[in-house]
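S.K.: give me the fold of what follows.
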Amino acid sequence: MGRRSMPAAALMRGGAAAASLPLGAQAQAAPSAAGIERFTLTVLGTTDLHNNVFNWDYFKNAPYADYRGNNVGIAQAATLIKAIRAERGAANTLTIDAGDTIQGTPLAYYFAKISPASDSVKHPMALAMNAVGYDAVALGNHEFNYGVPLLRTWEKQLDFPLLGANVRAAGSRQRAFTPYILKRVNTGNGWVTVGIVGLVTPGCALWDRDNVQGQLEFNGIVEEARTVVPQMRADGAEVVIVSSHSGATSGSSYGDALPFPENASTQLAEDVPGIDAILVGHAHVEIPERFVTNKVTGKQVLLTEPLKWGMRVSVMNLELAKDQGHWTVASARSHLLDVKTAEADPDVVNAVQAGHDATIKYVNTVIGTSTAALSTATACWEDCAAIDAINFVQARTIKSELAGGPDAGLPVLSIAAAFSRAVDVSAGPLTIRDLAGLYIFDNTLLSIKVTGAQVKEYLEWSARYFKPVTGTAVAAADLTNAVTDTAPNGTPDYNYDVIYGLDAPFDYEIDVARPTGERIVGLDYGGRPLRMDQEFALAINNYRQSGGGNFPAVTTAPVLSNSQQEIRQRIIDYVVDTGTLDVSLFSQRNWRLVVNGQALTVTP
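M.R.: Have a look, this model is predicted:
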């Protein structure tokens, strides 16, 4: 070992004596011609692993494949990480992650709900990351999806710190997680102290309100960094690396619902002096290397983001210079490694294989049948049975929950979106993985009271997803995922909601030739024009109701029911109870796209 890490408070207590370790590095600091010592520090980074360990698609029961030829998983990323360590010296190399780690695949669900991680059951992402040998991981917003107790269990199982400087215990100024650590790296001719701090998007307070309210509070990223970065420097950090679960392109999916922005990594680099490099997460984009100028110091701050799911590994090369006894970053570069170039690391495979096998067995359990095929290939531009199935189960569940109560007479509507265009369920036997693939997120179901006017406003907001079109035929790429003020990278598919009526048909058209805010036409309920004052119970997921996507009215609408049951499990339970997903019961053709009143033809 040529480095040592301690939580910040412990290092302050231990002082310089904490660094008395053997060298172990392959490269030593070298003097320049001017007598200034030089040292190369390598920082490796992953982000948004979303519990992808193996290159495996649990929904398709086959190796992961996409049209770009990507592979996924920490097992293959580990091989690249270990190769860089072998090449450059483990003592000269730090490995960090920028969050969203324990949610996202059936493997995650299995160890959260079916066989929950505990003192006797190890979480797969603890086993995998310990096998890799990370130095630190930052919190992501999805870490809170299964509740704080599971998160704390995972944290205890890690061999390294879980960082979250801007998360505090509710009602106090006490930080709820380790804010940062200081790593003492042996240069071969002394030591350099590297500070690593973790920051998470404050949207957690909205998206997982039911899991964190009364327990945790989230400060803004820039606001917290203005305090914590000087504190790190005062504690001895000569190099400061931020692991930031917050995108590099400014904007907030929740608009102004919070006083702090969702995506603040660029602003962080611009506004807070003392930062040398930022590992970016949350946005699921690929940034090999980007430099942002700090407005205070004029210093160039390095940003890099390694896509998602373990598809890439960021390699940051920090060239350090020591002058008059103090190390600084003289220059920095970064690039990305593609995990498809590597085989799976056997240590990671061996650590997680049993959990992987148990998950495969679970998701392939047959629980019923479907009377027709369900596909989402065209769900973003035409009404389809797959989304109707979600809406039907959601609405039916809410109808049952409200029965016998004061709101039992309200007609029920439901919202849903196509989370993936890759759902392709054949008619016939239905497995858990078929239904899990239909609803890939762990959202829970609740209902709110809305008026006809609010429903129309909701649909107008949803219709911002479409780019303006003037002809009656268009390619999907020229129609969907419009850039908006709250979606600077393009509106994601999961933020295009359709509305479904359970008690009576809910029909409408979206005229994409019209300006946003004026696109919903022919809005009927039960065959008659929708009354703006009519009241409905709206089945909605917790992400949307808590502000995800910044849809109007829903965050302040009265909540009628909130069982906090996962929608995916509701769908599975429905099929178990009925034995059949009968498309004739729920499939409707209630909405369509038009251009100046004429039907729009869309080609994939």
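
S.K.: for the stretch 51-200 of the chain, what spans make up the helices?
M.R.: Per DSSP state H, counting those that start in this stretch, the stretch 51-200 of the chain has helices spanning 74-88, 106-109, 124-132, 148-157. These are given in chain order.

S.K.: of those, which approaches residue 202 most closely?
M.R.: The closest of the helices of the stretch 51-200 of the chain to residue 202 is helix 148-157. By CB to CB, the value is 16.4 Å. For the C-beta atoms, the positions are set from N, CA and C on the backbone; glycine is no exception.

S.K.: that older thread, looking at the helices of the stretch 51-200 of the chain, which is closest to residue 433?
M.R.: Residue 433 lies closest to helix 106-109 among these, at 6.7 Å (CB to CB).

S.K.: would you mind measuring from residue 454 to residue 207?
M.R.: Here the criterion is CB to CB, to the nearest Å. By it, residue 454 lies 21 Å from residue 207.

S.K.: compare the two (neighbour count), which wins?
M.R.: Legend: neighbour count by other CB atoms under 10 Å for residue 454 and residue 207, higher for residue 207 (24 against 20).

S.K.: can you give me every residue that contacts that one?
M.R.: 141, 144, 542-543, 546-548 (CB atoms under 8 Å, 6 or more residues apart in numbering).

S.K.: what's the pLDDT at it?
M.R.: You'll see residue 207 listed with a pLDDT of 86.

S.K.: that older thread, just put the contacts of residue 207 in CSV and tack on neighbour count and secondary structure.
M.R.: Output for the contacts of residue 207, formatted as CSV (neighbours: other CB atoms under 10 Å; DSSP: H, G, I helix; E, B strand; the rest coil):
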residue, neighbour count, secondary structure
141, 24, helix
144, 26, helix
542, 24, helix
543, 20, helix
546, 22, coil
547, 21, coil
548, 21, coil
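
S.K.: pick the one among these closest to residue 441.
M.R.: Scanning these for proximity to residue 441, where the rule is CB to CB, the winner is residue 543, at 7.2 Å.

S.K.: name the nearest residue to the closest one, ignoring sequence neighbours.
M.R.: residue 443 (5.2 Å; CB to CB, 6 or more residues apart in numbering).

S.K.: mind listing the strands for the stretch 451-600 of the chain?
M.R.: Chain-ordered strands for the stretch 451-600 of the chain, with DSSP state E, counting those that start in this stretch as the definition, fall at 473-475, 497-501, 506-511, 520-525, 528-529, 535-541, 559-566, 580-581, 591-595, 598-599.

S.K.: what does the longest one rub up against?
M.R.: What it means is strand 559-566. Contacts with strand 559-566, where a contact means CB under 8 Å, 6+ apart, come from 113, 210, 398, 401-402, 407, 410, 442-449, 537, 542, 545.

S.K.: follow-up on the earlier one: and residue 43, which of the helices of the stretch 51-200 of the chain is closest to it?
M.R.: Counting by CB to CB, residue 43 lies closest to helix 74-88 out of the helices of the stretch 51-200 of the chain; the figure is 10.2 Å.

S.K.: need the contact list for the nearest residue to residue 51 once chain neighbours are set aside.
M.R.: Once flanking residues are discounted, residue 51 sits nearest to residue 108: 3.6 Å by CB to CB, 6+ apart. Remark: with contacts taken as CB under 8 Å, 6+ apart, residue 108 is in contact with 50-51, 102, 124-125.

S.K.: out of these, what pair is the most spread apart?
M.R.: Between all members of these, the longest pairwise span (CB to CB) is found for 50 and 124 and amounts to 12.0 Å.

S.K.: okay, those two: which has more neighbours?
M.R.: When residue 50 is set against residue 124 and neighbours are counted by other CB under 10 Å, the residue ahead is residue 124, at 29 against 21.

S.K.: does that one touch residue 354 like I think?
M.R.: No - under the criterion of CB atoms under 8 Å, residue 124 is not in contact with residue 354, lying 9.3 Å apart.

S.K.: what's the angle from the helix or strand where residue 331 lies to helix 74-88?
M.R.: Using DSSP states H and E, residue 331 falls within strand 326-338. Inter-element angle recorded for strand 326-338 and helix 74-88: 130 degrees (by axes from the mean of the first three to the mean of the last three CA atoms, to 10 degrees).

S.K.: got the contact list for strand 326-338?
M.R.: Residues external to strand 326-338 that are found in contact with it (CB under 8 Å, 6+ apart): 38-39, 70, 80, 84, 187, 192-193, 238-239, 276-277, 286, 288-289, 300, 302, 304, 306-307, 311-322.

S.K.: for it, output the C-alpha coordinates as PDB.
M.R.: Backbone C-alpha positions of strand 326-338 (Å, rounded to 0.1, in the frame of the first residue of the first chain) are rendered in PDB as follows:
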ATOM      1  CA  HIS A 326       3.400  22.300  -1.400                       C
ATOM      2  CA  TRP A 327       1.800  20.200  -4.100                       C
ATOM      3  CA  THR A 328      -0.600  21.700  -6.700                       C
ATOM      4  CA  VAL A 329      -2.200  20.400  -9.900                       C
ATOM      5  CA  ALA A 330      -0.100  21.800 -12.700                       C
ATOM      6  CA  SER A 331      -2.200  20.300 -15.500                       C
ATOM      7  CA  ALA A 332      -5.000  17.700 -15.900                       C
ATOM      8  CA  ARG A 333      -6.300  15.500 -18.700                       C
ATOM      9  CA  SER A 334      -8.900  12.700 -18.900                       C
ATOM     10  CA  HIS A 335     -10.300  10.100 -21.300                       C
ATOM     11  CA  LEU A 336     -12.700   7.200 -21.200                       C
ATOM     12  CA  LEU A 337     -12.200   3.500 -21.400                       C
ATOM     13  CA  ASP A 338     -14.800   1.300 -23.000                       C
END
